[in-house]
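> Kindly return the folded structure for what I paste below:
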Amino acid sequence: MLDWMSTPMADPITVVYLEHHPILRNAIVRLLVESDGIELIGHTGNVTEAIDITVTYRPDIFLASVDSPGGDTGGLVAISDPAIVQSGAKLVIFSGISDQQQIRHTVTKNIRGYLSKTQQPESFIGSLRVIADGGYVFHQSARSRFIIASDPAHAEAEVLTSSEQKVLQLVTDGKRNQDIARELSMSIGAIRQHLSSIFEKMHVSNRTSAVVTGISRGLVE
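Have a look, this model is predicted:
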């Protein structure tokens, strides 16, 4: 299991959470409040209030719930609001939708994460940490082809070479650089170059973030 606290952050990750389902909102609020290194600035089921809180306090992450296809549009309205986009907050969709058409509609170039309501708590919190650290996390239900289509500028950044995928899988398995080099019959220098390329393409800064992002995108197991 990954140690989410292996790279401690000096400042807490600040979050504003928009969710119109009271029971689910209360459960997620409790999870966020009890998680080390995360500060919940505000939570509400009202779109206008969520926008106001975000613009006023400028959190690291704006977490917006998007539920039923064609029904609940509150989260979609919020993440599309110019004030939210200009706030500097990293926009994250939190959804239980598996409908591909709705996923295609919701994933835009401004979105840094698409998290599923079926994720385990530790995976959910770990994903928020990766996003706050500058990474991108998209649950496997939001396939990479939608992510690429939403932002052509990042199309190349989504593609790992065969060798890079092998290296990432071995990193996920907990192997050290020297072990990976031996298994793939490469030099240590080549492994380091592959890792540097992987980090750049995945928009992450360390091995843990690369593993979490790789798992979330279905690149590794």
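> Run through who's touching stretch 76-95.
Among residues not part of stretch 76-95, those counted as contacts by CB atoms under 8 Å, 6 or more residues apart in numbering are 16, 18-19, 28, 47, 50-51, 54-55, 58-67, 75, 105-108, 110-117, 128, 131-132. All C-beta atoms are positioned from the backbone trio N, CA, C, and that covers glycine.
> Pull out the buried residues from that stretch.
When burial is assessed from 16 or more other CB atoms under 10 Å, stretch 76-95 yields the following buried residues: 76-79, 81, 84, 87, 89-95.
> quick one: which of those is nearest to Ser209?
The shortest distance between Ser209 and any of the buried residues of stretch 76-95, using CB to CB, involves Lys90 and amounts to 13.7 Å.
> where does that closest one sit relative to Ser197, distance-wise?
24 Å (CB to CB, to the nearest Å).
> Equivalent analysis for Ala83, please.
Noted for Ala83: a distance of 37 Å to Ser197, by CB to CB.
> do Leu91 as well
27 Å.
> can you map out the helices along the protein?
The residue ranges that make up the helices of the chain, judged by DSSP state H, are 22-34, 47-57, 74-80, 82-85, 100-106, 121-132, 144-150, 162-172, 177-184, 188-202, 207-216.
> need the contact list for the spatially most central residue of the chain.
The geometric centre of the chain, computed from its C-alpha atoms, lies nearest to Val137 (CA atoms, centre = their mean), at 2.7 Å. Under the criterion of CB under 8 Å, 6+ apart, the neighbours of Val137 are 112-115, 127, 130-131, 212-213, 216-217.
> Looking at strand pairing, list the partners for it.
Note on Val137: beta-bridge partners by DSSP bridges are Gly113.
> Need the pLDDT of it.
According to the prediction, Val137 has pLDDT 78.
> and it, how far is that from Leu128?
8 Å.
> now swap in Ser162 and tell me
Per CB to CB, Ser162 is found 31 Å from Leu128.
> Break the protein down into its structural domains.
4-153, 160-216 (automatic domain parsing).
> Met202 is in contact with Val211, isn't it?
No: in terms of CB atoms under 8 Å, Met202 does not count as a neighbour of Val211; the distance is 10.0 Å.
> So of the buried residues of stretch 76-95, which two are at opposite extremes in space?
In the buried residues of stretch 76-95, the most distant members under the criterion CB to CB are Ser87 and Ser95, with 20.8 Å between them.
> Which pLDDT value goes with the residue of the chain most remote from its centre?
The centre of the chain is farthest from one residue, Ser185, which by CA atoms, centre = their mean lies 32.8 Å away. At Ser185 the predicted local confidence, pLDDT, stands at 94.
> Pop out the phi and psi values for it.
Here is the backbone geometry of Ser185 (degrees, to the nearest 10): phi 60, psi 50.
> before we move on, what about Leu160?
phi -100, psi 140.
> Next, count neighbours for it.
The local packing of Leu160 (other CB atoms under 10 Å) involves 20 other residues.
> please renumber so the chain begins at 865
Got it, the first residue is 865 from now on, which makes the last one we talked about Leu1024.
> Hmm, it is touching Arg1081, no?
No: counting by CB under 8 Å, Arg1081 is not a contact partner of Leu1024; they are 9.7 Å apart.
> Stretch 1056-1066: how far from the chain's middle?
Shown here is stretch 1056-1066, whose average C-alpha point lies 18 Å from the average C-alpha point of the whole chain (CA atoms, centre = their mean, to the nearest Å).
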